[in-house]
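*Asks:* Let me see the structure of the following:
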Amino acid sequence: MNRPLVMLAAAGTALAMLACGGAGSTSGQATGAPIPVGFIGALSGDGADYGTSSLNAAQLRVKEINDSGGIDGRPIKIIPIDDQTKPATAVDAAQQLVLRDHVVAILGPGQSGNVLAVEKFTNAQKVPILETGTVDAIISPDYPYVWRSAGPVSSQLAYLNRVVFQKYKRIAIIHDSLGFGSESDKLLRGQMSQAGIEPVDDESYSAGAIDMTPQVIRIKQANPDVVYWFGTGGDAGTVRKTMNTLGMTSVPMLGNNGVFPSALKIAGAALNGYVYPDDVDPCKKQLNDLLAKYYKTYKVDIVAPHSVAEYYDAVSLLAAGLKKSHGAGGEKLNQAFESGVAVDGADGASPGASWSKNKHNSLAEDGSQNRLWVIEDGKYLPFPTNACQK
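*Replies:* Got it, this is the predicted structure:
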């Protein structure tokens, strides 16, 4: 596994206001009646680092829009609720935001299981949700008010597997028992089956588990060439450290983009070499400009790039829709999305993110806007690490 010689360059220039960002024609600070927008995400407990960075990114973009006149002179106001990564809590949050706060739309949830829990209610209420859970089944003709600010996990897996299946045949899987982990496991097994590969072992665990020794012992006994992990929060760190403790240091660990800063703190150098597909391009100027602005604003040591890009661009797409609907939510806002909104922002490789009537994933479903990343020395880097120098 290559070790990095350079870190990702972060451009220091400020982001230009995006033409499709949705700011109204009024210049200066927006002073009209606020447009309420809900936010549902994990602000505490497992996954809190993702939820917090997502909310921060959304607030960052909202401030830019409001400082430039808002939507026809009206500022966007985000009303956040912590779902604690619990589906039942996410449903309660959606009900409060819709029935009490009368939001025009909801940003989130960020976890697939929570999205699956709330989308029936929000769809019935005709309130658009702009979510980032990547389980394919979330986007369905049965739920026309659901919009994803990302691509489906199947496209991310296919992008990674084009490389992995050529090199590895003895594949083990470990995943959490939440919606995303379980559904990703099924998707990977399906793609493996199409390639004529069967997993040598498939283990599950409860999200946030402290001890994964029994699962990793069984994986070791299966003698895999590579281990796939699907989950969120710090669990990747726990899995990798357990693998190393049991003598599996030479077995690569791959998986999804749920390796957040909490996992880096748990595992440290043990996570070096973890390769994953993501819907952000490490070489894209808009992403690096946004990350530079985020670090300057929030004074954090490290943040998962996709958690910032997905929600920043979701607000840009939301604002573009609100501009068309003149601040109205419900059917008018949904029709605005269906008529087409787009932004070449921080998320995805160019041409960026867009929604339309037949495109509820903001990024391409074929995986063409995905890129590979690797964790080295506590940093998120392009894979290979010299990819942006070409």
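*Asks:* what's the weakest-modelled helix or strand in the protein?
*Replies:* Using mean pLDDT, DSSP states H and E, the weakest-scoring helix or strand in the chain turns out to be helix 261-267, at a mean of 87.
*Asks:* For that one, enumerate the helices and strands it packs against.
*Replies:* Packing partners of helix 261-267 (3 or more Cβ pairs under 8 Å, 6 or more residues apart in numbering; DSSP states H and E): helix 48-67, helix 235-245. For glycine as for every other residue, the C-beta is placed from the backbone atoms N, C-alpha and C.
*Asks:* What is the distance between the longest one and the centre of its chain?
*Replies:* Going back to what we said before, that points to helix 48-67. 14 Å (Cα atoms, centre = their mean, to the nearest Å).
*Asks:* and after that helix, which helix or strand comes next?
*Replies:* Elements were assigned by DSSP states H and E; along the chain past helix 48-67, the next helix or strand is strand 76-82.
*Asks:* by contact count, what packs against that following strand?
*Replies:* By 3+ Cβ pairs under 8 Å, 6+ apart, strand 76-82 packs against strand 35-41, helix 48-67, helix 87-95, helix 305-325.
*Asks:* circling back: how about the CA coordinates for the least confident helix or strand of the chain, as PDB?
*Replies:* The C-alpha trace of helix 261-267 is given here as PDB (Å, rounded to 0.1, in the frame of the first residue of the first chain):
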ATOM      1  CA  PRO A 261     -12.800  11.500  12.500                       C
ATOM      2  CA  SER A 262     -13.900   9.400  15.500                       C
ATOM      3  CA  ALA A 263     -12.600   6.300  13.700                       C
ATOM      4  CA  LEU A 264      -9.300   8.000  13.000                       C
ATOM      5  CA  LYS A 265      -8.900   8.800  16.700                       C
ATOM      6  CA  ILE A 266      -9.700   5.200  17.700                       C
ATOM      7  CA  ALA A 267      -7.500   3.500  15.200                       C
END
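*Asks:* closest to Ser307 out of the helices and strands packed on helix 261-267?
*Replies:* helix 48-67 (4.3 Å; Cβ to Cβ).
*Asks:* coming back round to it: what would the helices and strands packed on helix 261-267 look like in CSV with mean neighbour count, distance to Thr132 and mean pLDDT?
*Replies:* Below are the helices and strands packed on helix 261-267 laid out as CSV (neighbours: other Cβ atoms under 10 Å; distance: least, Cβ to Cβ, whole Å; pLDDT from 0 to 100):
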stretch, mean neighbour count, distance to Thr132, mean pLDDT
helix 48-67, 23, 7, 96
helix 235-245, 23, 18, 94
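*Asks:* who wins for proximity to Leu291 among those?
*Replies:* So among these, helix 48-67 is nearest, using Cβ to Cβ, at 9.9 Å.
*Asks:* Could you list every helix and strand that the closest one packs against?
*Replies:* So helix 48-67, by 3+ Cβ pairs under 8 Å, 6+ apart, packs with strand 35-41, strand 76-82, helix 261-267, helix 285-298, helix 305-325.
*Asks:* CA-only coordinates of that helix, as CSV, when you get a sec.
*Replies:* What follows is helix 48-67, C-alpha atoms only, in CSV (Å, rounded to 0.1, in the frame of the first residue of the first chain):
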residue,chain,number,x,y,z
ALA,A,48,-22.2,12.7,15.6
ASP,A,49,-19.1,13.8,13.8
TYR,A,50,-20.9,13.3,10.5
GLY,A,51,-24.1,15.0,11.6
THR,A,52,-22.3,17.9,13.1
SER,A,53,-20.1,18.6,10.0
SER,A,54,-23.2,18.2,7.8
LEU,A,55,-25.1,20.8,9.8
ASN,A,56,-22.1,23.1,9.9
ALA,A,57,-21.8,22.9,6.1
ALA,A,58,-25.5,23.6,5.6
GLN,A,59,-25.3,26.6,7.9
LEU,A,60,-22.2,27.8,6.1
ARG,A,61,-24.0,27.8,2.7
VAL,A,62,-27.2,29.3,4.2
LYS,A,63,-25.2,32.3,5.6
GLU,A,64,-23.8,32.9,2.1
ILE,A,65,-27.2,32.9,0.6
ASN,A,66,-28.8,35.1,3.3
ASP,A,67,-25.9,37.6,3.1
